[in-house]
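J.: all I have is the shape, not the residue letters:
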(Lines give C-alpha, C1' and ligand atoms only; values in the text may rest on other atoms or scores of the structure.)
Protein backbone atom coordinates (compact mmCIF):
# COMPACT_ATOMS: atom_id res chain seq x y z
CA UNK A 1 0.00 0.00 0.00
CA UNK A 2 2.83 2.41 0.88
CA UNK A 3 4.46 1.81 -2.48
CA UNK A 4 1.18 2.47 -4.27
CA UNK A 5 0.85 5.80 -2.45
CA UNK A 6 4.45 6.77 -3.22
CA UNK A 7 4.02 5.92 -6.87
CA UNK A 8 0.86 8.00 -7.07
CA UNK A 9 2.63 10.93 -5.40
CA UNK A 10 5.51 10.85 -7.87
CA UNK A 11 3.15 10.60 -10.81
CA UNK A 12 1.48 13.80 -9.60
CA UNK A 13 4.83 15.54 -9.16
CA UNK A 14 5.90 14.51 -12.67
CA UNK A 15 3.24 16.81 -14.09
CA UNK A 16 5.57 19.70 -13.20
CA UNK A 17 8.66 19.60 -15.45
CA UNK A 18 10.48 22.09 -13.21
CA UNK A 19 11.59 19.04 -11.23
CA UNK A 20 14.67 18.73 -13.44
CA UNK A 21 14.77 22.04 -15.30
CA UNK A 22 16.41 23.80 -12.37
CA UNK A 23 19.58 21.80 -12.93
CA UNK A 24 22.49 23.85 -14.35
CA UNK A 25 23.51 23.47 -18.00
CA UNK A 26 22.95 20.03 -19.44
CA UNK A 27 22.67 18.31 -16.07
CA UNK A 28 19.31 16.65 -15.50
CA UNK A 29 19.77 15.36 -11.97
CA UNK A 30 21.33 12.48 -10.10
CA UNK A 31 20.59 9.31 -8.18
CA UNK A 32 23.13 7.98 -5.73
CA UNK A 33 26.49 8.26 -7.56
CA UNK A 34 24.86 8.37 -11.00
CA UNK A 35 24.43 11.70 -12.78
CA UNK A 36 22.16 12.23 -15.78
CA UNK A 37 23.03 14.55 -18.66
CA UNK A 38 21.32 15.67 -21.86
CA UNK A 39 24.12 17.01 -24.03
CA UNK A 40 23.04 18.72 -27.30
CA UNK A 41 26.23 17.94 -29.26
CA UNK A 42 26.01 14.25 -28.38
CA UNK A 43 22.30 14.22 -29.25
CA UNK A 44 23.04 15.86 -32.61
CA UNK A 45 25.92 13.49 -33.38
CA UNK A 46 23.80 10.39 -32.72
CA UNK A 47 20.74 11.90 -34.43
CA UNK A 48 22.78 12.31 -37.64
CA UNK A 49 24.01 8.73 -37.27
CA UNK A 50 20.40 7.55 -36.96
CA UNK A 51 19.46 9.43 -40.13
CA UNK A 52 22.43 7.87 -41.91
CA UNK A 53 21.79 4.28 -40.88
CA UNK A 54 17.99 4.32 -41.33
CA UNK A 55 16.95 5.37 -44.83
CA UNK A 56 13.23 5.35 -43.97
CA UNK A 57 13.81 7.58 -40.95
CA UNK A 58 15.79 10.05 -43.08
CA UNK A 59 13.12 10.10 -45.80
CA UNK A 60 10.46 10.92 -43.21
CA UNK A 61 12.72 13.56 -41.65
CA UNK A 62 13.16 15.38 -44.98
CA UNK A 63 9.40 15.45 -45.52
CA UNK A 64 8.49 16.58 -42.02
CA UNK A 65 11.43 18.68 -40.77
CA UNK A 66 10.11 22.01 -42.05
CA UNK A 67 13.58 23.36 -42.81
CA UNK A 68 14.76 24.91 -46.08
CA UNK A 69 16.46 23.13 -48.98
CA UNK A 70 19.76 24.81 -48.15
CA UNK A 71 19.48 23.61 -44.57
CA UNK A 72 18.60 20.11 -45.73
CA UNK A 73 21.73 20.24 -47.89
CA UNK A 74 23.80 20.45 -44.69
CA UNK A 75 22.10 17.32 -43.39
CA UNK A 76 22.60 15.58 -46.75
CA UNK A 77 26.33 16.26 -46.64
CA UNK A 78 26.57 15.03 -43.05
CA UNK A 79 24.56 11.89 -43.72
CA UNK A 80 26.71 10.98 -46.73
CA UNK A 81 29.88 11.19 -44.64
CA UNK A 82 28.37 9.30 -41.72
CA UNK A 83 27.42 6.52 -44.15
CA UNK A 84 30.93 6.60 -45.61
CA UNK A 85 32.43 6.27 -42.13
CA UNK A 86 30.41 3.28 -41.07
CA UNK A 87 26.78 4.13 -40.30
CA UNK A 88 25.58 1.79 -43.05
CA UNK A 89 27.60 -0.98 -41.35
CA UNK A 90 26.18 -0.07 -37.94
CA UNK A 91 29.68 0.53 -36.52
CA UNK A 92 29.66 0.92 -32.77
CA UNK A 93 29.54 4.49 -31.47
CA UNK A 94 32.11 3.67 -28.76
CA UNK A 95 33.79 0.33 -29.48
CA UNK A 96 35.04 0.78 -33.05
CA UNK A 97 38.06 2.28 -34.78
CA UNK A 98 35.96 4.63 -36.90
CA UNK A 99 35.70 8.43 -36.77
CA UNK A 100 32.19 7.97 -35.39
CA UNK A 101 33.60 6.44 -32.21
CA UNK A 102 36.39 9.04 -32.05
CA UNK A 103 33.82 11.84 -32.15
CA UNK A 104 31.66 10.13 -29.52
CA UNK A 105 34.70 9.91 -27.23
CA UNK A 106 35.55 13.58 -27.81
CA UNK A 107 32.03 14.70 -26.95
CA UNK A 108 31.80 12.47 -23.87
CA UNK A 109 35.11 13.85 -22.60
CA UNK A 110 34.14 17.44 -23.36
CA UNK A 111 36.98 17.88 -25.88
CA UNK A 112 34.65 18.50 -28.82
CA UNK A 113 33.99 22.02 -27.53
CA UNK A 114 37.65 23.00 -27.72
CA UNK A 115 40.15 23.05 -30.56
CA UNK A 116 39.31 21.34 -33.84
CA UNK A 117 40.84 17.84 -34.08
CA UNK A 118 43.44 17.26 -36.81
CA UNK A 119 41.39 14.72 -38.75
CA UNK A 120 37.73 14.12 -38.11
CA UNK A 121 35.38 14.90 -40.97
CA UNK A 122 32.32 14.26 -38.85
CA UNK A 123 33.36 16.88 -36.31
CA UNK A 124 32.97 19.54 -39.03
CA UNK A 125 29.42 18.39 -39.83
CA UNK A 126 28.30 18.39 -36.20
CA UNK A 127 29.56 21.91 -35.67
CA UNK A 128 28.15 23.13 -38.99
CA UNK A 129 24.72 21.84 -37.97
CA UNK A 130 24.80 22.77 -34.28
CA UNK A 131 23.06 26.17 -34.60
CA UNK A 132 20.40 24.79 -36.94
CA UNK A 133 19.85 21.84 -34.61
CA UNK A 134 19.57 24.07 -31.53
CA UNK A 135 17.03 26.30 -33.25
CA UNK A 136 14.79 23.67 -34.84
CA UNK A 137 15.13 20.34 -33.08
CA UNK A 138 16.86 20.51 -29.73
CA UNK A 139 13.85 21.64 -27.71
CA UNK A 140 11.80 18.65 -28.86
CA UNK A 141 14.67 16.24 -28.26
CA UNK A 142 15.49 17.77 -24.89
CA UNK A 143 11.85 17.48 -23.83
CA UNK A 144 11.79 13.78 -24.75
CA UNK A 145 14.99 13.21 -22.76
CA UNK A 146 13.65 15.09 -19.77
CA UNK A 147 10.37 13.17 -19.73
CA UNK A 148 12.25 9.88 -19.93
CA UNK A 149 14.50 10.90 -17.05
CA UNK A 150 11.62 12.07 -14.86
CA UNK A 151 9.71 8.83 -15.42
CA UNK A 152 12.79 6.79 -14.53
CA UNK A 153 13.60 8.98 -11.53
CA UNK A 154 10.16 8.35 -10.04
CA UNK A 155 10.80 4.61 -10.19
CA UNK A 156 14.32 4.93 -8.81
CA UNK A 157 12.99 6.88 -5.85
CA UNK A 158 10.75 3.95 -4.94
CA UNK A 159 12.64 0.85 -6.08
CA UNK A 160 16.18 1.97 -6.83
CA UNK A 161 17.83 1.29 -3.47
CA UNK A 162 16.44 -2.23 -3.07
CA UNK A 163 17.23 -3.16 -6.68
CA UNK A 164 20.77 -1.83 -6.40
CA UNK A 165 21.42 -3.66 -3.13
CA UNK A 166 20.11 -6.97 -4.51
CA UNK A 167 22.15 -6.72 -7.71
CA UNK A 168 25.33 -5.87 -5.82
CA UNK A 169 24.73 -8.88 -3.60
CA UNK A 170 24.12 -11.19 -6.57
CA UNK A 171 27.02 -9.99 -8.69
CA UNK A 172 29.34 -9.68 -5.69
CA UNK A 173 30.50 -6.32 -7.01
CA UNK A 174 29.60 -2.66 -6.67
CA UNK A 175 27.46 -1.30 -9.49
CA UNK A 176 29.18 2.07 -9.30
CA UNK A 177 32.66 2.36 -7.82
CA UNK A 178 32.94 6.16 -7.61
CA UNK A 179 30.69 7.80 -10.17
CA UNK A 180 28.77 7.05 -13.35
CA UNK A 181 27.19 9.29 -15.98
CA UNK A 182 24.09 8.39 -17.98
CA UNK A 183 23.84 10.43 -21.17
CA UNK A 184 20.20 10.54 -22.28
CA UNK A 185 19.82 10.93 -26.05
CA UNK A 186 16.86 11.31 -28.38
CA UNK A 187 18.22 8.65 -30.76
CA UNK A 188 21.02 6.22 -29.93
CA UNK A 189 22.66 6.26 -33.35
CA UNK A 190 22.78 2.46 -33.56
CA UNK A 191 20.55 -0.58 -33.71
CA UNK A 192 20.98 -1.14 -29.98
CA UNK A 193 19.21 1.36 -27.79
CA UNK A 194 22.00 1.84 -25.27
CA UNK A 195 25.69 1.23 -24.64
CA UNK A 196 28.20 1.69 -21.84
CA UNK A 197 31.88 2.52 -21.65
CA UNK A 198 33.53 0.77 -18.72
CA UNK A 199 36.63 2.93 -19.18
CA UNK A 200 34.94 6.31 -18.85
CA UNK A 201 32.07 5.06 -16.64
CA UNK A 202 29.47 6.52 -18.98
CA UNK A 203 26.31 5.09 -20.51
CA UNK A 204 24.29 6.32 -23.47
CA UNK A 205 20.56 5.49 -23.34
CA UNK A 206 17.89 6.65 -25.79
CA UNK A 207 14.62 8.25 -24.76
CA UNK A 208 12.42 7.26 -27.72
CA UNK A 209 12.56 3.51 -28.38
CA UNK A 210 9.45 1.77 -26.96
CA UNK A 211 11.58 -1.02 -25.50
CA UNK A 212 13.43 1.53 -23.36
CA UNK A 213 10.30 3.20 -22.03
CA UNK A 214 8.36 2.91 -18.77
CA UNK A 215 9.42 -0.15 -16.73
CA UNK A 216 11.91 -1.25 -19.36
CA UNK A 217 13.73 2.03 -18.67
CA UNK A 218 14.25 0.91 -15.09
CA UNK A 219 15.59 -2.49 -16.13
CA UNK A 220 17.86 -1.16 -18.85
CA UNK A 221 19.21 1.58 -16.59
CA UNK A 222 20.44 -1.08 -14.17
CA UNK A 223 21.58 -3.30 -17.03
CA UNK A 224 23.77 -0.54 -18.44
CA UNK A 225 25.34 0.68 -15.21
CA UNK A 226 26.11 -2.92 -14.19
CA UNK A 227 28.26 -3.20 -17.32
CA UNK A 228 30.77 -0.70 -15.97
CA UNK A 229 31.94 -2.72 -12.97
CA UNK A 230 29.67 -5.57 -11.85
CA UNK A 231 30.15 -7.76 -14.93
CA UNK A 232 33.41 -6.34 -16.31
CA UNK A 233 36.11 -8.72 -17.55
CA UNK A 234 37.74 -8.96 -14.12
CA UNK A 235 34.45 -9.28 -12.24
CA UNK A 236 33.64 -12.15 -9.92
CA UNK A 237 31.10 -13.50 -12.42
CA UNK A 238 33.48 -13.61 -15.38
CA UNK A 239 36.35 -15.07 -13.32
CA UNK A 240 34.17 -17.95 -12.10
CA UNK A 241 32.86 -18.57 -15.62
CA UNK A 242 36.44 -18.80 -16.93
CA UNK A 243 37.45 -21.11 -14.07
CA UNK A 244 34.58 -23.54 -14.68
CA UNK A 245 34.33 -23.30 -18.48
CA UNK A 246 37.99 -23.53 -19.55
CA UNK A 247 38.70 -27.06 -18.21
CA UNK A 248 35.62 -28.35 -20.05
CA UNK A 249 36.61 -26.80 -23.37
CA UNK A 250 33.76 -24.29 -23.27
CA UNK A 251 35.83 -21.24 -24.15
CA UNK A 252 33.48 -20.34 -27.00
CA UNK A 253 30.58 -20.14 -24.54
CA UNK A 254 32.14 -17.82 -21.95
CA UNK A 255 30.07 -15.03 -23.47
CA UNK A 256 27.18 -16.46 -21.45
CA UNK A 257 28.04 -13.78 -18.88
CA UNK A 258 25.92 -11.35 -20.94
CA UNK A 259 22.75 -13.50 -21.00
CA UNK A 260 23.34 -14.09 -17.27
CA UNK A 261 23.52 -10.34 -16.76
CA UNK A 262 20.27 -9.79 -18.68
CA UNK A 263 18.60 -12.62 -16.80
CA UNK A 264 19.76 -11.46 -13.35
CA UNK A 265 18.77 -7.82 -13.79
CA UNK A 266 15.46 -8.80 -15.37
CA UNK A 267 14.51 -11.21 -12.61
CA UNK A 268 15.45 -8.74 -9.87
CA UNK A 269 13.38 -5.99 -11.50
CA UNK A 270 10.45 -8.38 -11.91
CA UNK A 271 10.62 -9.35 -8.25
CA UNK A 272 11.07 -5.84 -6.85
CA UNK A 273 8.22 -4.23 -8.80
CA UNK A 274 5.81 -7.19 -8.52
CA UNK A 275 3.64 -5.42 -5.96
CA UNK A 276 2.77 -2.70 -8.49
CA UNK A 277 3.40 -4.41 -11.84
CA UNK A 278 1.84 -7.81 -12.29
CA UNK A 279 3.28 -10.31 -14.77
CA UNK A 280 6.25 -8.15 -15.83
CA UNK A 281 8.20 -9.82 -18.64
CA UNK A 282 11.93 -8.98 -18.49
CA UNK A 283 13.57 -7.23 -21.45
CA UNK A 284 15.53 -10.15 -22.90
CA UNK A 285 12.53 -12.46 -22.86
CA UNK A 286 10.13 -9.86 -24.21
CA UNK A 287 12.48 -8.93 -27.05
CA UNK A 288 13.41 -12.48 -28.05
CA UNK A 289 17.09 -12.33 -27.13
CA UNK A 290 17.28 -15.95 -25.95
CA UNK A 291 17.63 -17.27 -29.48
CA UNK A 292 20.48 -18.69 -31.55
CA UNK A 293 23.80 -18.40 -29.75
CA UNK A 294 21.90 -17.00 -26.72
CA UNK A 295 19.63 -20.04 -26.37
CA UNK A 296 20.28 -20.35 -22.63
CA UNK A 297 16.88 -19.55 -21.14
CA UNK A 298 16.03 -23.09 -19.98
CA UNK A 299 19.52 -23.61 -18.53
CA UNK A 300 19.36 -20.30 -16.64
CA UNK A 301 15.89 -21.14 -15.34
CA UNK A 302 17.17 -24.48 -14.06
CA UNK A 303 20.62 -23.60 -12.73
CA UNK A 304 20.92 -19.81 -12.30
CA UNK A 305 17.52 -19.07 -10.79
CA UNK A 306 18.37 -21.15 -7.69
CA UNK A 307 21.31 -18.79 -7.15
CA UNK A 308 19.06 -15.73 -7.43
CA UNK A 309 16.72 -17.40 -4.91
CA UNK A 310 19.62 -17.94 -2.49
CA UNK A 311 19.57 -21.73 -2.69
CA UNK A 312 23.10 -22.26 -4.08
CA UNK A 313 26.35 -20.31 -4.35
CA UNK A 314 27.45 -18.50 -7.51
CA UNK A 315 30.28 -21.01 -7.87
CA UNK A 316 27.92 -24.00 -7.77
CA UNK A 317 25.44 -22.34 -10.14
CA UNK A 318 28.16 -21.66 -12.74
CA UNK A 319 29.57 -25.17 -12.29
CA UNK A 320 26.14 -26.67 -12.93
CA UNK A 321 25.67 -24.48 -16.01
CA UNK A 322 29.09 -25.54 -17.32
CA UNK A 323 28.31 -29.22 -16.83
CA UNK A 324 24.95 -28.86 -18.55
CA UNK A 325 26.53 -27.11 -21.54
CA UNK A 326 29.27 -29.74 -21.70
CA UNK A 327 26.67 -32.52 -21.82
CA UNK A 328 24.86 -30.70 -24.62
CA UNK A 329 28.08 -30.51 -26.63
CA UNK A 330 28.90 -34.14 -25.89
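T.: Right, received. Where do you want to start? Only a predicted model underlies this, so the values are computations on that prediction, with no experimental measurement involved.
J.: all contacts plus neighbour counts: C-alpha atoms, from now on.
T.: OK.
J.: show me where pLDDT drops low in the stretch 201-330 of the chain?
T.: Counting by pLDDT under 70, the stretch 201-330 of the chain contains low-confidence ranges at 330.
J.: so where do the helices sit in it?
T.: Taking DSSP state H, counting those that start in this stretch, the helices of the stretch 201-330 of the chain run over residues 214-228, 236-245, 257-272, 283-286, 297-299, 305-308, 314-329.
J.: need the residue closest to the centroid of the chain.
T.: By CA atoms, centre = their mean, the chain has its centre lying nearest to residue 194, at 3.0 Å.
J.: what score does that one have for pLDDT?
T.: Listed pLDDT for residue 194 reads 96.
J.: thought it was touching residue 225?
T.: No - the criterion here is CA atoms under 8 Å, and residue 194 misses it with residue 225 at 10.7 Å.
J.: common neighbours of these two, please.
T.: Shared contacts of residue 194 and residue 225, defined by CA atoms under 8 Å, 6 or more residues apart in numbering, are found at residue 203.
J.: okay if I get the helices of the stretch 201-330 of the chain as a markdown table plus mean neighbour count and distance to residue 49?
T.: As requested, the helices of the stretch 201-330 of the chain are exported to a markdown table (neighbours: other CA atoms under 10 Å; distance: least, CA to CA, whole Å):
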| stretch | mean neighbour count | distance to residue 49 |
| --- | --- | --- |
| helix 214-228 | 22 | 21 |
| helix 236-245 | 19 | 33 |
| helix 257-272 | 20 | 26 |
| helix 283-286 | 16 | 25 |
| helix 297-299 | 14 | 33 |
| helix 305-308 | 18 | 39 |
| helix 314-329 | 17 | 39 |
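J.: for residue 110, find the nearest of those.
T.: Of all the helices of the stretch 201-330 of the chain, it is helix 214-228 that lies closest to residue 110, at 19.9 Å by CA to CA.
J.: chain center to the closest one: distance?
T.: 6 Å (CA atoms, centre = their mean, to the nearest Å).
J.: same check, this time on stretch 304-321
T.: Averaged over its C-alpha atoms, stretch 304-321 has a centre that lies 27 Å from its chain's centre (CA atoms, centre = their mean).
J.: how about the strands of this protein, start to end?
T.: Assigned by DSSP state E, the chain shows strands spanning 27-31, 34-37, 180-185, 194-197, 202-206.
J.: the fourth one packs against which elements?
T.: The one in question is strand 194-197. strand 202-206, helix 214-228 (3 or more CA pairs under 8 Å, 6 or more residues apart in numbering; DSSP states H and E).
J.: just checking: what are the partner strands of it?
T.: Strand partners for strand 194-197, identified by DSSP bridges, are recorded as strand 202-206 (antiparallel).
J.: which residues outside the partner strand are in contact with it?
T.: Strand 202-206 has contacts (CA under 8 Å, 6+ apart) with 145, 180-188, 193-197, 212, 221, 224-225, 228.
J.: before I go, just wanted to say thanks for your time.
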